[in-house]
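# could you work out the structure for the sequence below:
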Amino acid sequence: VRSADRASVRLTCRALARIVDSSASAYVDAVSHFSKWGSGEGKAEAALRKFGRLASLRVLELEGLGDAGLCRLLGAYADAAMARQPLGERAGAFGLTTLHLAMGTFTAAPLFGTTLEDVELSGCASMGDDAVGALCDGSGALRKLKITASARLIEPKIHGVQLREVNLSLCAQLRDGAVSALCAACPRLSDLQLWRCVSLARPTIRGAELRVVNLSDCDALTDEAVSRMCAPSACPELRVLTLANCPLLAAPEVRCARLLLVDLSGCALLTDEAVGTLCAATTRLRMLSMPRCAALARPAIGGCALEALNMSGCHELSDGALGALCTASPALTRLCVALCASLVTPSIAGARLCDLVLSSCAALADSAVGALCANCPALRKLNLSRCASLCEPHIRSASLSRLLLAYCAQLTRPVVRGDALADVQLSCCAALVDEAVDALCAGCPALRKLSLAWCSSLRAPRVAHARLQVLSLQGFNGADETLSAQIRQDCPVLRKMKV
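Okay, here's the model as predicted:
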């Protein structure tokens, strides 16, 4: 290539670079940690070289900055911003709106101007209360603040008239007073995330616009604090409440009428009365999650708007309570009651129920399965895996498309019929006999996928189906080339067979 041509290419590239720089609004560090610029100081140097050329910087994302790098970055950004302002507007605000400085080791406040709206400082464990307070003082337009995994945050003075989202998760030393003051100083707060803030016990959480609160894994959280937060006058607009794995919660009074989703997973001391109060007061509730709530036995659960319920691992849940729940919840579409050892013959019914999980219900009887199939006309997915007492259940459903019956040790002759049934899993059913497989293929005209892996009692099942595409026969003692050839002949569209 001639020298003149090379010079022309260089000029063209420089011109393109100037065009890109003039229109770029975000600087995101994408330098490999294994390169010479992988350290925080190196990344600061790389950013410094760009600041003078980026004409309208709005977004800045860097990781691993220390105090020295942050100080130089602040100075360079200020100089670049001042140089771009007309002479009469140099005192005006900088243009940066989004700042993400994750995993930094700096201790000072990253004061990049009053136009900041979104600040994320995840893993910046060296920042203390004073630095956070200074950040809020210097960022009047702040709408979103995320400072997680910082053990030095104890009583930060977080405030902001425009602040709507605050995430202080994994701040183990955060005190009740700091959260109470935050709620009072942020009148427009709508989303508060305090996951695994283990020192919180009795914070006063309230807000006229608060819609989402997450207090999961707060080991010291008390009923008193939750009851105060969930009083009708404290958070009238609350929609989503997450209190999973709070071991001290037993009888919190949740009376927020507009709640749509509540998660009480793993609250082992939660009482029937507390759940009954919640359901009675929250008539708009759509999703309720209470797995591993071991003390629940006969809770009065249900609601006209309830669509999804998870009570897996509630070992004491009674047949009567589950039947009453279905009656009280006409809109229910998803129900999970896996690992509920007390269920034997529950009356499960629902005009809209389409997804039902009863896996590992060791005492569940054949008659209960037949009844639920008859009483759930919209059922599409049914999980009965590891139901050790099932032997000859009658599963007849016009709407069912997927059936899971794996690891049912006593299952011998299930009667399976369904015009829409496309996927049947019978893996590891050690007592299953050939006749059941023959009848299943004949009774499910839409069958596409069938698993019979490790069904040790099968000898010579006749798998013949015009639409079957995937078949699993792993661990089958009678599998040989003759049987495989016969199956392929009887299943003309079979694409995959595991033997």
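
# which residue ranges form the strands in the stretch 151-300 of the chain?
For the stretch 151-300 of the chain, the strands defined by DSSP state E, counting those that start in this stretch cover 165-167, 191-193, 212-214, 240-242, 261-263, 287-289.

# remind me which residues of the stretch 251-400 of the chain are low pLDDT?
Nowhere does the stretch 251-400 of the chain drop to pLDDT under 70.

# show me where the stretch 51-200 of the chain has helices.
Using DSSP state H, counting those that start in this stretch, the helices of the stretch 51-200 of the chain run over 67-84, 129-137, 176-185.

# any chance of those helices in a markdown table with distance to Ala464 as columns?
Quick note: C-beta positions are derived from backbone N, CA and C, even for glycine. Listed next are the helices of the stretch 51-200 of the chain as a markdown table, based on distance: least, Cβ to Cβ, whole Å:
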| stretch | distance to Ala464 |
| --- | --- |
| helix 67-84 | 71 |
| helix 129-137 | 70 |
| helix 176-185 | 66 |
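
# by mean pLDDT, show me the worst of those.
Least confidently modelled of the helices of the stretch 51-200 of the chain is helix 67-84, at a mean of 79 by mean pLDDT.

# now that one: how far from the chain's centre is it?
Centroid separation for helix 67-84 versus its chain: 38 Å, with Cα atoms, centre = their mean, to the nearest Å.

# returning to that earlier point: as a markdown table, the strands of the stretch 151-300 of the chain with distance to Ala378 and mean neighbour count would be great.
Putting the strands of the stretch 151-300 of the chain into a markdown table (distance: least, Cβ to Cβ, whole Å; neighbours: other Cβ atoms under 10 Å) gives the following:
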| stretch | distance to Ala378 | mean neighbour count |
| --- | --- | --- |
| strand 165-167 | 38 | 19 |
| strand 191-193 | 34 | 20 |
| strand 212-214 | 31 | 20 |
| strand 240-242 | 27 | 20 |
| strand 261-263 | 22 | 20 |
| strand 287-289 | 18 | 20 |
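
# what is the neighbour count of the closest residue to Ala250 other than its chain neighbours?
Excluding its sequence neighbours, the residue lying closest to Ala250 (Cβ to Cβ, 6 or more residues apart in numbering) is Leu269, at 4.0 Å. Using other Cβ atoms under 10 Å, the number of residues around Leu269 comes to 15.

# now swap in Asp176 and tell me
Neighbourhood size, Asp176 [other Cβ under 10 Å]: 18.

# does it touch Ala201 like I think?
Yes - using Cβ atoms under 8 Å, Asp176 is in contact with Ala201, at 6.2 Å.

# follow-up on the earlier one: could you dump the strands of the stretch 151-300 of the chain to TSV with distance to Leu421?
Below are these laid out as TSV (distance: least, Cβ to Cβ, whole Å):
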stretch	distance to Leu421
strand 165-167	45
strand 191-193	43
strand 212-214	40
strand 240-242	36
strand 261-263	32
strand 287-289	28
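
# right, and these - which one's nearest Ala281?
Across the strands of the stretch 151-300 of the chain, Ala281 has its closest neighbour in strand 261-263 (10.9 Å, Cβ to Cβ).

# direction included, what does that closest one pair against?
strand 240-242 (parallel), strand 287-289 (parallel) (DSSP bridges).

# now tell me what touches whichever helix or strand comes after the last one from outside.
Yep, that's strand 287-289 we're talking about. Per DSSP states H and E, the first helix or strand lying C-terminal to strand 287-289 is strand 308-310. The set of residues that contact strand 308-310 without belonging to it, under Cβ atoms under 8 Å, 6 or more residues apart in numbering, is 265, 286-291, 301, 325, 329, 332-336.
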